[in-house]
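Asks: Take this sequence and fold it.
(3 chains)
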Amino acid sequence: MSGVPVDPVYGDGPMPGEYPYTRGIYPEMYRSRLWTMRMFAGFGTAVDTNGRFKDILRHGGTGLSTAFDMPTLMGRDSDDEVWSAGEVGRAGVAIDTLADMEDLFADIDLGAVSTSMTINGPAIVALAQYIAVGDKAGVDRARLSGTIQNDILKEYQAQKEYIFPPRPSMRIVTDMMRFTTAEMPRWHPVSISGYHIREAGSTAAQELGFTLANGFAYVEAARAAGLDVDDFASRLSFFFNSHSDFFEEIGKFRAARRIWATWMKERYGATSERSLMCRFHTQTAGVSLTAQQPEINIARVALQALAGALGGTQSLHTDAYDEALALPTEKAARIALRTQQIVAHETGVANVADPLGGSAYVEWMTGEMERQAAEILDHLLELGDGSILEGVYEGIDNGWFVGGIADSAYRFEREVNNGTRIIVGVNAFTEGNDSDDGGANLLRIEQDTEDLQLKRLAAIKHSRDGEAVSRSLEAIKSAARDPAVNLVPPVIDAVNAYATEGEICDTLAGVFGRYVEQAIV
Amino acid sequence: MPEDQNDAVTDRSAPIRVVLAKLGLDGHDRGLKVVARMLRDAGMEVIYLGLRQTTDSVIAAVEQEDADVVGLSMHNAGHLALAPRILQALADSDLDVPVVIGGIVPEADVDTLRDMGISAVIHPGASALEVADAVRRSVA
Amino acid sequence: MSAGSETRAAGELLERARSGDRRALGRLLTFVEHRDARAHGLDDLVHPHATGNAAVIGVTGAPGAGKSTLVGHLVKEIADAGQQPAVLAVDPSSPLSGGAILGDRIRMDGVAEGRAFIRSMATRGHAGGLALAVPGALRLFEACGFGPLVVETVGVGQVEVDVTRTADTTVVMVAPGMGDAVQANKSGLLEVADVLVVNKADRPGADDVRRDLEHMLDLGHITGVTEHWRPEIIMTTATTGEGALKVHQAIQAHRAHLAETGGLEDRRRSRIRQEVADRMTRRLEDAVTACLASEPEELAEALQGTRTPASAAAALMERLVR
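Replies: As a prediction, the model looks like this:
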């Protein structure tokens, strides 16, 4: 602000942009390119969200980030009476058939945008639908650019949006990795997500250790499926949480880069530089937002966003202050975006790469995070007899992940209860808690959306060729029974026949079974 | 001598049995798990059903487990839709069992839920003592 | 309420439970479990309807072996065969608070989809309590037309193993890793096995577990082995239900074997003998507690040191038994 000129980076030792990338993956970091400010959109019907997408593109955005509603995320159609009633289009957009995906991207050039789809259990269906929309518009699959979350392992550990048991699910993920590696070089087939592990109550070190373990598990699975590590590793990306313990978070981000680079190089023999770089998206901690005095969440989000920037994130989502209560209102979403714009443009943190590098405390914290993560990785290697992938399967099966997260969550809760941990507005400084508006201004999605979506789905089911649907589902069934066959092409055929997401998932569940969680409390 | 066949003194201090569940598709179970431990540590028996339960599976559990109280975790603002459903299902099965809801519920909705017949609403951040008290009071 | 009206209440509940009212059965199970005054006379009412003919299957194994999931598949097989299964799922109570988290129902019912009556039961600390509650609950199930009856326990601790021992057929589950054959042998689990299940058969190491078990059977480490019965080893994948049918068939084969050799009657008799012993023990314990609470002279003398504890005990026992 005073105009003193600064260098792009300070310090000695391995610099930003140099292996093992502790200080960042690029030499000049945000001086050359600011982080991407990514905000989530998705509500109501595909037509509603298409409108929001076009707004984003009109205002100069090039990235579209799609949130799906719960039935879509769980592989259930909107007309599933037991599971979907009351949830259609509420927490995101409802996508039942290709027709919905066509509407979602109507009049949008898929060759010119980058699309992120946050979906896991039925990710293969969403990807197939996206490819089919591109095919119909004549967009070469090689030009499709984007990311599908598709991180099924953390679903069993934390987010619980699974459909099938772990092993068949991993077969689907590796089929998708093989398919995108062969045909979609600009597509990121898995975004390895610690975010949900943290939200479920883990510590920072558990988030780090579990997420990296999952990342290595995908690497091992893809190699076992015959892929060369340098052919796919550069298209793996990560997604971390930024919570309130400022320096611990920064240490976590730095340790993530260092561990990923070392392991990829030394254990998995990656040689391409891009395979060694841990690129990640960050979102502020939704779970840290309080329903009490919701406005003070703006301050929490600002500090968490700052930690993300100082940790060297490639993109950032800032939470809206009212998210503890409901879906964010437009005003709250705008304030959230403005918050990270202040961090980017007013604070000066973007002027120097890794400004905290060399701080005795930050370097110690980075090492401490690395040490704790190494303990987790060692344990999984032991569980898996030298294989991280097998160790992760075993840890899912014997409740180690879920139990570890539940222990941490309970410890946190007890600390809040007995006052050894202060949460402003919750167990201290509660004056002013009564002044909120009681939720009068919260965004509430109306029942109309659900009725509309049900009509759309009924119309599609009426007009499609039922025989073609049955044939395509039969083809999926026989492909599922043969591990040598890639499931992506038959699923593309089925979505082209307007088979619903629920029908495709039910067909796969008929072969793979459905996963039921254990009561690890 | 039939009066002598009862093997032991009546166990009046039998633990409260709580069915804990989450209805619908939402997968957030952090709060549910914390509450399960709090209630266990308060000496209750928790029949933990966890995620993705239907009103049918909750009713079946209440019947078969002879539960004293039902605890439901709510998230994503589903409480106004889900609460009446479970209350109706309990009434249809002629079950007079109190229902306690935990989760983020805007103040404006708490009275609405009470009027529907929900016994208590537990907010995030409630202490173990408060949680156990809310459950005990709903049973008393 | 007088004892008479309580008996009437229990009688009405039993009538309702016997005509298919699950809630009434749920309530009666609570009476049995609490040894509640309302359960007074219930045993007499149940007795004529509980013939002791329902097959009782015990399923045990280390935590994480996959018991609940397999039981889910097993009861589904039983239901498919046109029978009405019921399950008692026993889990330990917390020794500190007395509370418990009973979580077997999730996986069991997730598989069985409402086709079995499932009751979760906590061990509730006091040794012997469970030993009384389980047979009472099983009789109640039988009186209400349920059978076969499955009792699932965690294979740790003597109480749990004892409960399993009372079954007609005991299934012991092991899996590669945490609950493998060697550990199960150490904990005495294998001794009670009539059917051995190696779960997680899709796992590397499952075949090793099978070989270990074969070896132990050959060496006679498993005392359930007689010249007439060698426990079958069945490989299962509980997550998919693979092998559940074979487990069901092996249980039926074992029962047929018992019926042929008179073993069924032996087991029934030893079960009743055990329950009588347990109930006597319980009465004695209660009597001892009550006797000491009344501050008898002999106790006072022992406390003063004018009498040895052994002599005080002998004198008091004589009084008690008389």
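
Asks: where do the helices sit along chain B?
Replies: B:30-41, B:55-65, B:79-92, B:107-116, B:128-139 (DSSP state H).

Asks: among those helices, which is the most enclosed?
Replies: helix B:30-41 (a mean of 24; mean count of other CB atoms under 10 Å in any protein chain shown). The way it works is simple: take the backbone N, C-alpha and C, and place the C-beta from them, glycine included.

Asks: and it, what's its mean pLDDT?
Replies: Across helix B:30-41, the average pLDDT comes to 95.

Asks: quick check: angle from it to helix B:128-139?
Replies: Helix B:30-41 runs at 80 degrees relative to helix B:128-139, counting by axes from the mean of the first three to the mean of the last three CA atoms, to 10 degrees.

Asks: Can I get helix B:30-41 in PDB, CA atoms only?
Replies: What follows is helix B:30-41, C-alpha atoms only, in PDB (Å, rounded to 0.1, in the frame of the first residue of the first chain):
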ATOM      1  CA  ARG B  30     -21.500 -36.000  12.700                       C
ATOM      2  CA  GLY B  31     -24.100 -34.600  15.100                       C
ATOM      3  CA  LEU B  32     -26.000 -37.900  15.400                       C
ATOM      4  CA  LYS B  33     -22.800 -39.700  16.400                       C
ATOM      5  CA  VAL B  34     -21.800 -37.200  19.000                       C
ATOM      6  CA  VAL B  35     -25.300 -37.300  20.500                       C
ATOM      7  CA  ALA B  36     -25.200 -41.200  20.500                       C
ATOM      8  CA  ARG B  37     -22.000 -41.000  22.600                       C
ATOM      9  CA  MET B  38     -23.500 -38.400  24.900                       C
ATOM     10  CA  LEU B  39     -26.500 -40.500  25.600                       C
ATOM     11  CA  ARG B  40     -24.500 -43.600  26.100                       C
ATOM     12  CA  ASP B  41     -22.300 -41.700  28.600                       C
END
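
Asks: At which residues are the strands of the stretch 51-200 of chain C located?
Replies: C:56-61, C:86-91, C:100-102, C:117-122, C:149-154, C:169-174, C:195-198 (DSSP state E, counting those that start in this stretch).

Asks: okay, the fourth one in CSV with CA atoms only?
Replies: What it means is strand C:117-122. Output in CSV follows, covering the C-alpha atoms of strand C:117-122 (Å, rounded to 0.1, in the frame of the first residue of the first chain):
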residue,chain,number,x,y,z
PHE,C,117,-37.9,-59.4,14.2
ILE,C,118,-34.7,-57.9,15.5
ARG,C,119,-34.2,-57.0,19.2
SER,C,120,-31.0,-55.4,20.4
MET,C,121,-30.0,-56.3,23.9
ALA,C,122,-27.2,-54.8,26.0
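
Asks: Can you tell me which of the strands of the stretch 51-200 of chain C is nearest to residue A:9?
Replies: strand C:100-102 (52.2 Å; CB to CB).

Asks: The residue nearest to residue A:8 when sequence neighbours are not counted: neighbouring residues, count only.
Replies: The spatial neighbour of residue A:8 that comes closest, neighbours along the chain excluded (CB to CB, 6 or more residues apart in numbering or on different chains), is residue A:28 at 4.7 Å. Using other CB atoms under 10 Å in any protein chain shown, residue A:28 is surrounded by 14 other residues.

Asks: give me every residue that touches residue A:28.
Replies: A:8, A:9, A:16, A:17, A:353 (CB atoms under 8 Å, 6 or more residues apart in numbering or on different chains).

Asks: tell me which of these is nearest to chain C?
Replies: In terms of CB to the nearest CB, no member of the contacts of residue A:28 lies closer to chain C than residue A:17, at 41.3 Å.

Asks: per-residue pLDDT, the closest residue to the closest one other than its chain neighbours?
Replies: Excluding the flanking residues, the one nearest residue A:17 by CB to CB, 6+ apart is residue A:27, at 3.4 Å. Looking at residue A:27, its pLDDT stands at 94.

Asks: Over to residue C:264?
Replies: Reported pLDDT for residue C:264: 89.

Asks: pretty sure residue A:183 is in contact with residue A:141, am I right?
Replies: Yes - assessed by CB atoms under 8 Å, residue A:183 is found in contact with residue A:141 at 4.9 Å.

Asks: Quick one: closest of the strands of the stretch 51-200 of chain C to chain A.
Replies: It's strand C:100-102; of the strands of the stretch 51-200 of chain C, that one is closest to chain A (CB to the nearest CB) at 4.9 Å.

Asks: Okay, now the unreliable bits of the chain?
Replies: Defaulting to chain A. A:1, A:41, A:435-446 (pLDDT under 70).

Asks: try chain C instead
Replies: C:1-6, C:35-40, C:126-129, C:155-161, C:163-165, C:178-179, C:221-227.

Asks: and with 80 instead?
Replies: For chain C, residues meeting the criterion pLDDT under 80 lie at C:1-8, C:34-40, C:125-131, C:155-166, C:177-189, C:204, C:219-228, C:322.

Asks: Write out the residues of it neighbouring chain A.
Replies: Residues of chain C that fall close to chain A, judged by CB under 8 Å from any CB of the partner chain: C:64, C:68-69, C:101, C:103-107, C:110-111, C:177-178, C:200, C:202, C:204, C:239-241.

Asks: okay if I get the strands of the stretch 51-200 of chain C as TSV plus mean neighbour count?
Replies: As requested, the strands of the stretch 51-200 of chain C are arranged in TSV below (neighbours: other CB atoms under 10 Å in any protein chain shown):
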stretch	mean neighbour count
strand C:56-61	28
strand C:86-91	26
strand C:100-102	26
strand C:117-122	25
strand C:149-154	26
strand C:169-174	28
strand C:195-198	28
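
Asks: okay, the ones you listed in JSON lines with distance to residue A:485 next?
Replies: Converted to JSON lines, the strands of the stretch 51-200 of chain C look like this (distance: least, CB to CB, whole Å):
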{"stretch": "strand C:56-61", "distance to residue A:485": "36"}
{"stretch": "strand C:86-91", "distance to residue A:485": "39"}
{"stretch": "strand C:100-102", "distance to residue A:485": "43"}
{"stretch": "strand C:117-122", "distance to residue A:485": "39"}
{"stretch": "strand C:149-154", "distance to residue A:485": "39"}
{"stretch": "strand C:169-174", "distance to residue A:485": "34"}
{"stretch": "strand C:195-198", "distance to residue A:485": "30"}
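
Asks: right, and the ones you listed - which one's nearest residue A:81?
Replies: strand C:117-122 (25.0 Å).

Asks: Next, the angle from the closest one to helix B:55-65.
Replies: Going by the same axes, to 10 degrees, strand C:117-122 makes 60 degrees with helix B:55-65.

Asks: helices or strands up against the longest strand seen in chain B?
Replies: Counting by DSSP state E, the longest strand found in chain B is strand B:45-53. Using 3 or more CB pairs under 8 Å, 6 or more residues apart in numbering or on different chains; DSSP states H and E, the elements in contact with strand B:45-53 are strand B:17-23, helix B:30-41, helix B:55-65, strand C:100-102, helix C:104-112, strand C:117-122.

Asks: and that strand, which strands flank it?
Replies: strand B:17-23 (parallel), strand C:100-102 (parallel) (DSSP bridges).

Asks: Which among those strands is found nearest to residue C:27?
Replies: Nearest to residue C:27, of the strands paired with strand B:45-53 and by CB to CB, is strand B:17-23 at 11.4 Å.

Asks: So which bits of the stretch 251-400 of chain A are right by chain B?
Replies: Counting by CB under 8 Å from any CB, the residues of the stretch 251-400 of chain A that sit close to chain B are A:287, A:290, A:291, A:292, A:324, A:325, A:326, A:327.

Asks: what sits against the closest residue to chain B within the stretch 101-250 of chain A?
Replies: When scored by CB to the nearest CB, the stretch 101-250 of chain A has residue A:160 as its residue closest to chain B, at 3.4 Å. Residue A:160 makes contacts with A:517, B:27, B:29, B:51, as judged by CB under 8 Å, 6+ apart.

Asks: Now the buried members of the residues of chain C next to chain A.
Replies: Buried members of the residues of chain C next to chain A, scored by 16 or more other CB atoms under 10 Å in any protein chain shown, are C:64, C:68-69, C:101, C:103-107, C:110-111, C:177, C:200, C:239-241.
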